[in-house]
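>>> Give me a model of this one.
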Amino acid sequence: MPESNGDERPTTSPRGRHTGGFATRAVHAGERAPKPDFTPTVTPIHPASSFFYDDTETLDAVFANERSGYVYTRYGNPTIRALETAVASLEGTADAVAYSSGMAAIHAAILLDVRAGDRVVAARDVYGATYAILTKLFANLGVETVFVDITDLDAVRQTVERVRPSLVCCETVSNPLLRVADIPALAGIAHASGARLMVDNTFATPYLVRPASHGADTVVHSGTKYLGGHGDATAGLIAADAERCLALREQAKLTGPTLGPFEAWLTLRGIKTLPLRVARQSESAARVARWLAGHPDVEAVYYPGLADLGPAAAIFERPAHGGMVSFDLRGAGREQVFRFMAALDLCMPATTLGDVYSLVLYPAMSSHRALTSEQRAGIGIGDGLVRLSVGIEDVEDITADLDAAMAVGLGRSGAPTATHDSPLASRL
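Purely as a prediction, here's the structure:
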């Protein structure tokens, strides 16, 4: 009897159980197994770009939003949905929508509430890319933005009453000067004039602040930062009520800012340790800020725990203020800051934050590069400003690395001379 070459064409069993020729089996064998009677302990990664059902009527109902389900990953995906559910739960909102990056989320959140001819009132020290998208992309679409010191509530109120914006934008903790917004007061001002309030909660995370509980209509995250926490995924999230999230999903179907399932899974995995990481980073950042405040090479330290926050202090759910610290190197400019960054050994000069690693950034070069030197100076970002994202390493190792790098950057020689007894340091 001749030996089989595997190309015979036996009959085909019901869908998912093909026993056809070799090429057919190579494509289909192992796929579409029977529905399991078990539940995995970890959310599976669903990389499929499309989904089908046992009958076309069900598929049609999902397309029509008459029933829940998945048909195409640009419309929705089970792994991405698991991430959205987690973020909504942590932020205390009815729903959340995931995006391919934090800026994709910022773009979608602004686009939801503005049309040509509308105005936006925004914090003058918002993240540089947010500033750029408002003054370039949305300005080209006929949307005017007025910037204001978001911590000066009288100025905000007067500006909102005069401008009558459709949207007010701020950050819970601003990037990079770490100013804290009085979200309840801002929500009251915005809503009294018929505007919505969008809050970027990336720096604070829902572990420390939940803006929606204080009146924010839209809460935005760069999931790349603290939510993911490991520097291995780029993502964005918007948390809001069900109606707004439905509108955001319909918007996303057209614009396609889709987060990949792998990135969604990595971000979801990172969230599992969010409270542990942020608690550690907050504690360490407070210690580093105190150390910096007593260092002779540091002219000023920006950290919420060192400032009198006034009523804004009430937005924090815990006695912690996050893992970000900014500081001015005394008498430094671009050249000295570059030498400082090049001399770092443990802390990495990387353009991100919120990782388990300690990360140092020069705002004038990166996050606020889109602004002119005059614009940066106008909001308090000097040429010697350095932003530090404190990781989970030992604090003594972080401060030793900073001290050694400052000696190189500023041309100091001799043993470390930092102290903890300055008036600024004593406030922590």
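>>> what sits up against the strand or helix carrying residue 387?
Element membership of residue 387 [criterion: DSSP states H and E] is strand 385-389. Outside of strand 385-389, the residues within contact range by C-beta atoms under 8 Å, 6 or more residues apart in numbering are 175-176, 288, 323-329, 337, 340-341, 347, 352-355, 358-364, 367, 402. Bear in mind the C-beta positions are built from the backbone N, C-alpha and C, glycine included.
>>> Give the buried residues for it.
Going by neighbour count (16 or more other C-beta atoms under 10 Å), the buried part of strand 385-389 is 385-389.
>>> likewise stretch 218-234?
Using 16+ other C-beta under 10 Å as the test for burial, stretch 218-234 gives 218-229, 231, 233-234.
>>> Repeat that for stretch 296-316.
Those would be 297-298, 300-307, 309, 312, 315-316, for stretch 296-316 by 16+ other C-beta under 10 Å.
>>> To be precise, which single item in the residues you listed has the lowest pLDDT?
In terms of pLDDT, residue 307 ranks lowest among the buried residues of stretch 296-316, with 93.
>>> how about the nearest residue to that one, chain neighbours excluded?
Excluding the flanking residues, the one nearest residue 307 by C-beta to C-beta, 6 or more residues apart in numbering is residue 180, at 7.5 Å.
>>> Residue 346 now?
residue 401 (4.1 Å).
>>> can you check residue 144 too?
Nearest one to residue 144, counting by C-beta to C-beta, 6+ apart, is residue 119 at 4.9 Å.
>>> what number of residues lie near the one you found?
Using other C-beta atoms under 10 Å, residue 119 has 18 neighbouring residues.
>>> And for residue 248?
23.
>>> contacts for whichever strand or helix holds it?
When elements are assigned from DSSP H and E, residue 248 belongs to helix 242-255. The contact list for helix 242-255 (C-beta under 8 Å, 6+ apart) reads 74-76, 94-97, 99, 108-109, 111-112, 217-218, 238, 240, 258.
>>> Recalculate using a threshold of 7 Å.
Residues outside helix 242-255 that contact it (C-beta atoms under 7 Å, 6 or more residues apart in numbering): 74-75, 94-97, 108, 111-112, 217-218, 238.
>>> residue contacts, the residue nearest to residue 307?
Contacts of residue 180 (C-beta under 7 Å, 6+ apart): 173, 304, 309, 312.
>>> Looking at the nearest residue to residue 241 once chain neighbours are set aside now. What's its pLDDT?
Leaving aside its chain neighbours, residue 241 sits nearest to residue 94 (4.9 Å; criterion: C-beta to C-beta, 6+ apart). pLDDT for residue 94: 98.
>>> can you check the one 10 residues further on too?
According to the per-residue confidence, residue 104 scores 98 in pLDDT.
>>> distance between the helix or strand encompassing it and the chain's centre?
Here residue 104 sits within helix 102-113, counting by DSSP H and E. For helix 102-113, the separation from the chain centroid amounts to 12 Å (computed by C-alpha atoms, centre = their mean, to the nearest Å).
>>> Check which helices and strands it is in contact with.
strand 218-222, strand 236-240, helix 242-255 (3 or more C-beta pairs under 7 Å, 6 or more residues apart in numbering; DSSP states H and E).
>>> Out of the ones you listed, flag the one nearest residue 19.
With respect to residue 19, and counting by C-beta to C-beta, the nearest of the helices and strands packed on helix 102-113 is helix 242-255 at 38.1 Å.
>>> in the closest one, what's buried?
Judged by neighbour count (16+ other C-beta under 10 Å), helix 242-255 contains these buried residues: 244-245, 248, 252.
>>> ditto for stretch 120-140
Residues of stretch 120-140 classed as buried by neighbour count (16+ other C-beta under 10 Å): 120-135, 138.
>>> Now go through the residues you listed and say which are in strands.
Of the buried residues of stretch 120-140, the ones assigned to strands by DSSP state E are 120-123.
>>> which stretch of helix or strand covers residue 327?
Short version, using DSSP H and E: residue 327 is in strand 324-329.
>>> and the helix or strand just after that strand, C-alpha only, in PDB?
Per DSSP H and E, the first helix or strand lying C-terminal to strand 324-329 is helix 334-343. The C-alpha coordinates for helix 334-343 follow below in PDB (Å, rounded to 0.1, in the frame of the first residue of the first chain):
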ATOM      1  CA  ARG A 334      22.000  73.700  29.400                       C
ATOM      2  CA  GLU A 335      25.700  72.900  29.500                       C
ATOM      3  CA  GLN A 336      25.800  72.100  33.200                       C
ATOM      4  CA  VAL A 337      22.600  70.100  33.100                       C
ATOM      5  CA  PHE A 338      23.900  68.000  30.200                       C
ATOM      6  CA  ARG A 339      27.100  67.300  32.100                       C
ATOM      7  CA  PHE A 340      25.000  66.400  35.200                       C
ATOM      8  CA  MET A 341      22.800  64.000  33.200                       C
ATOM      9  CA  ALA A 342      25.800  62.400  31.400                       C
ATOM     10  CA  ALA A 343      27.500  61.700  34.800                       C
END
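>>> quick one: buried residues of helix 334-343?
For helix 334-343, by 16+ other C-beta under 10 Å, it's 336-337, 339-341, 343.
>>> could you check the angle strand 385-389 makes with that helix?
20 degrees (axes from the mean of the first three to the mean of the last three C-alpha atoms, to 10 degrees).
>>> any chance you could map the strands in the protein?
Under DSSP E, the chain gives strands at 95-99, 119-123, 144-148, 167-171, 196-200, 218-222, 236-240, 298-302, 324-329, 359-361, 385-389.
>>> if we can go back for a sec, as CSV, the helices and strands packed on helix 102-113 with mean pLDDT and distance to residue 283 would be great.
Below are the helices and strands packed on helix 102-113 laid out as CSV (pLDDT from 0 to 100; distance: least, C-beta to C-beta, whole Å):
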stretch, mean pLDDT, distance to residue 283
strand 218-222, 98, 22
strand 236-240, 98, 25
helix 242-255, 97, 34
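>>> Out of those, which is closest to residue 35?
Of all those, helix 242-255 sits nearest to residue 35, with 26.2 Å by C-beta to C-beta.
>>> How far off centre is the closest one?
19 Å.
>>> Give me the buried stretch members for the worst-scoring helix or strand of the chain on mean pLDDT, please.
None of the helices or strands of the chain scores lower by mean pLDDT, DSSP states H and E than helix 373-378, at a mean of 75. Neighbour-count burial for helix 373-378 flags 375-376 (criterion: 16+ other C-beta under 10 Å).
>>> From the chain's centroid, how far away is that helix?
25 Å.
>>> Just the CA atoms of it, as CSV, please.
Output of helix 373-378 as CSV, limited to C-alpha atoms (Å, rounded to 0.1, in the frame of the first residue of the first chain):
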residue,chain,number,x,y,z
SER,A,373,12.7,79.7,25.9
GLU,A,374,10.5,82.8,26.6
GLN,A,375,7.4,80.7,27.0
ARG,A,376,9.2,78.3,29.3
ALA,A,377,10.5,81.1,31.4
GLY,A,378,7.0,82.6,31.6
